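A.B. asks: When you get a sec, could you give me coordinates for this:
(2 chains)
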Amino acid sequence: MKTTAVEEVNEPIDVLTIFRDGSMRPVKFKWAGKTYAISRVTYEWMTKEGSYPVYHFAVMADGDDVYEIFLNSFTMTWTLAKVHIK
Amino acid sequence: MKEERVILHVDMDAFFASVEQRADPSLAGKPVMVCGGLESRTVVAAASYEARKYGVHAGMPLAVARMKCPDGVFIEGDPHKYVYTSIRINEIFREFCPRVEEFSIDESFLDATDVAERYGGPVEMGRQIKQRIYERFGLTCSVGIGPNKILAKTASKLQKPDGLTVLNREDIPSKFHPLPVGKLYGVGEETAKKLEMLGVRTIGQLAAVPVQVLRRVFGVVGELLRDAANGIDDSPVLTEADQPPPTTVVHEYTFFRDTLATELINSVLLGLCSKVGRRLRRGGHAGKTVTLKVRFADFKTITRSRTLDEYIDLDKEIYDAAREILSAAGAAPATDAVSARRTKAIRLIGVSVSHLVHTPPEKQHSLFDYSYWKKYKKVIESADKVRNKYGERAIVWAALLEREK
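C.D. replies: Numbers count the residues shown, from 1 in each chain, chains lettered A, B, ... in the order given. All right, here's what the predicted structure looks like:
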C-alpha cells in the first residue's frame, strides 16, 4: 500500500538560478554533496512570509524524481522542502 | 423585456489532485488522493478521476479510502499551492470579465452578460477561458453556461471533466428536470431524504410539488427549492466588493490523538484564540460573543457561548473567555489523576468570535485595568507589525513554542 509519495526534507541547498526577463529559473541544485541538474520545472507557486515573497518550484531532476524547493526572498536562502519518493 | 443574463460557472476538475499530478508528472493517470493529513482520522479532500473509479470521493474518511483503493497514492495536501493557483485562475477570469464571484477555492461564477459578445459569444468565451487555464497551469476545468447561477452550476456538472455545457431555459424539460433531485444546487443529503419521503426523486418532480406542501415541510426554504427546480434564480454574481462583512471568525483543531493532557489542550486553545484574534484585528473587527466547541472521543460535541459586556479582539481576552467556558462546561482538562478518570478525552476543539463590529466602541475600564489593557494592546499591535513584515511564525506565544518543537 502506498501511504505517501512525498517526504519532508527542509534542508538548506545551493541553487544555480538564471534570472531573465523578470523571472527566475532554477537550473541546478546541490544537496548533501551531490549536484542535481534540473530537467524541468513542473509547477510554480508563491507564498508570503510577512511582506516577503517565497518562491516555490516543483522540479524534475536526476531522472524523473521530483523535488520541491523554495527561495525565501527575505533570508535569500534556498531550501529543499520535499522529495517525491517513487 | 428584461435582458437574459449570461452566467458562466467554472469548476476546476479534481482541483487539488490535478495540481499534484501536474507538480509530479509521474502521478498522471494514477489514483491520487489529497488529504488533510495522513493520519487515519483525516478525510479525503480531493480524489483524482482515476481514484473516483474505485468509489473514492471528497469527504470520505481516509481509512475507508485506503480500503477502497489500496494501491492509490495518498498525498498530504499543500493548501498554499492550491490557494496560489486559485488566485491566479481568478485573475484570468477578471481579464475576461469584471464581475467574478469566487464561490470556493475551485469554483467561480462569472456574469458575462455585458462582455460575452466581445469574445464571440458565451460558448467561445468559455472555450477561451478553458484554453488560458490549460496553457498557464496544465489544468482542465468544466464550464457551465446558463441564464442564472443555478442553471450554470448544474450545466458545469453535466459534462466532467473538461466539459463545456450550455443549459438554457428551453433545455429545462429535457436536460434539467430528468436529473436526480440531489443534483439540484442547494439540495443536500438531508433535504434529498425528506424529498424522497414525499416521493420526489427528480428535479422535475420537485418542480411539480405545490409550494404549500414544500413550505409545510421546509419552511421558507420550500419556495426557494420550488423556484430552483423550475430553473428560476435571480441571485446576482457577487464580486469581492459585494460580499457581506464576516459575521464570525472561527478556528478549529483536531488532535492527532484524543487527549486529556492539560498543557496540550491549553496550548492548542491559546493557539486557536491567537489565530482568531489575529484575523479579527486584520479585518479591523472586534466581537462580543465567544463560542467554544468541544468534540469528545465518543464524538459527542458540545457548543457553549458567552456574550461579554464589551467587544474584544485581543488573544488573551478571547483565551480567558474560552477557558472560562471550558471550565463551566465541565470539559476542562484534568489536573490530577482522580479528575482524569472523570474527564473525557477531547478529540477536537474550536473557538469562534461572533457579533462582530467594525469599529468597536471605547472600552469601559477601571483606571488600573485600563492601564494594563492599554499596555497589553500595544504589545499585541507591535507583534502584529512584526508578523505583517516577517510572517506569522516570526513571533508567537512562548506557551506555543514547546508544541512547535
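A.B. asks: Tell me who's in contact with residue A:74.
C.D. replies: A:49-50, A:52, B:390 (CB atoms under 8 Å, 6 or more residues apart in numbering or on different chains). C-beta here means a position set from N, CA and C on the backbone, and glycine is covered the same way.
A.B. asks: Please pick the buried ones from those.
C.D. replies: A:49-50 (16 or more other CB atoms under 10 Å in any protein chain shown).
A.B. asks: Which members of the contacts of residue A:74 occur in helices, if any?
C.D. replies: Among the contacts of residue A:74, the members falling in helices (DSSP state H) are residue B:390.
A.B. asks: Which of the contacts of residue A:74 sits closest to residue A:79?
C.D. replies: residue A:49 (11.6 Å; CB to CB).
A.B. asks: If we ignore the residues flanking it in sequence, what's nearest that closest one?
C.D. replies: residue B:391 (3.7 Å; CB to CB, 6 or more residues apart in numbering or on different chains).
A.B. asks: was I right about the one you found contacting residue A:48?
C.D. replies: Yes: counting by CB atoms under 8 Å, residue A:48 is a contact partner of residue B:391 at 7.3 Å.
A.B. asks: Identify the contacts common to those two.
C.D. replies: With the criterion set as CB under 8 Å, 6+ apart, the contacts of residue B:391 and residue A:48 do not overlap.
A.B. asks: And these two? Which one has more around it.
C.D. replies: Using other CB atoms under 10 Å in any protein chain shown, the more surrounded residue of residue B:391 and residue A:48 is residue B:391, with 18 against 14.
A.B. asks: Residue numbers of chain A in contact with chain B?
C.D. replies: Counting by CB under 8 Å from any CB of the partner chain, the residues of chain A close to chain B are A:1-6, A:42-43, A:45-52, A:56, A:58, A:60, A:64, A:66, A:68, A:74, A:84, A:86.
A.B. asks: which of those residues are buried?
C.D. replies: A:5-6, A:42-43, A:45, A:47, A:49-50, A:56, A:58, A:60, A:66, A:68, A:74, A:84.
A.B. asks: ok, so of these, who is nearest residue B:18?
C.D. replies: residue A:43 (10.9 Å).
A.B. asks: what sits against residue 80?
C.D. replies: With no chain named, the answer covers chain A. A:9-13, A:29, A:31, A:67-69.
A.B. asks: Chain B was what I was after
C.D. replies: Applying CB under 8 Å, 6+ apart, the residues near residue B:80 are A:45, A:47, A:56.
A.B. asks: Am I right that it is in a helix?
C.D. replies: Yes: assigned with DSSP: H, G, I helix; E, B strand; the rest coil, residue B:80 falls within a helix.
A.B. asks: one step back: mind putting the contacts of residue A:80 into TSV with distance to residue B:349 and secondary structure?
C.D. replies: Converted to TSV, these look like this (distance: CB to CB, whole Å; DSSP: H, G, I helix; E, B strand; the rest coil):
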residue	distance to residue B:349	secondary structure
A:9	31	strand
A:10	28	strand
A:11	33	strand
A:12	35	strand
A:13	38	strand
A:29	41	strand
A:31	39	strand
A:67	36	strand
A:68	31	strand
A:69	35	strand
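A.B. asks: Redo the contacts of residue A:74 as a markdown table? Include distance to residue B:362 and pLDDT.
C.D. replies: Formatted as a markdown table, the contacts of residue A:74 follow (distance: CB to CB, whole Å; pLDDT from 0 to 100):
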| residue | distance to residue B:362 | pLDDT |
| --- | --- | --- |
| A:49 | 35 | 88 |
| A:50 | 31 | 86 |
| A:52 | 36 | 92 |
| B:390 | 31 | 88 |
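A.B. asks: who touches the residue most central in space within chain A in this structure?
C.D. replies: The centroid of chain A falls nearest to residue A:69 when counting by CA atoms, centre = their mean (1.7 Å). Taking CB under 8 Å, 6+ apart, we find residue A:69 in contact with A:13, A:15, A:26, A:29, A:56-57, A:59, A:78-81.
A.B. asks: Could you do residue A:10 as well?
C.D. replies: Residue A:10 neighbours (CB under 8 Å, 6+ apart): A:79-81.
A.B. asks: let's see it at 7 Å
C.D. replies: A:79, A:81 (CB atoms under 7 Å, 6 or more residues apart in numbering or on different chains).
A.B. asks: quick one: it from residue A:56, how far?
C.D. replies: 13 Å (CB to CB, to the nearest Å).
A.B. asks: Could you pull out the helices in the stretch 151-300 of chain B for me?
C.D. replies: For the stretch 151-300 of chain B, the helices defined by DSSP state H, counting those that start in this stretch cover B:189-197, B:203-207, B:211-218, B:221-229, B:262-282.
A.B. asks: which among the contacts of residue A:69 gets closest to chain B?
C.D. replies: Chain B lies nearest to residue A:56 out of the contacts of residue A:69, by CB to the nearest CB, at 7.4 Å.
A.B. asks: Wait, the closest one touches residue A:48, no?
C.D. replies: No: contact criterion CB atoms under 7 Å: residue A:56 and residue A:48 do not qualify, at 11.3 Å.
A.B. asks: Can you pull out the low-pLDDT segments for the stretch 201-350 of chain B?
C.D. replies: B:330-343 (pLDDT under 70).
A.B. asks: which residues of it fall in strands?
C.D. replies: Listed in chain order, the strands of the stretch 201-350 of chain B (DSSP state E, counting those that start in this stretch) span B:248-259, B:287-296, B:301-312, B:346-354.
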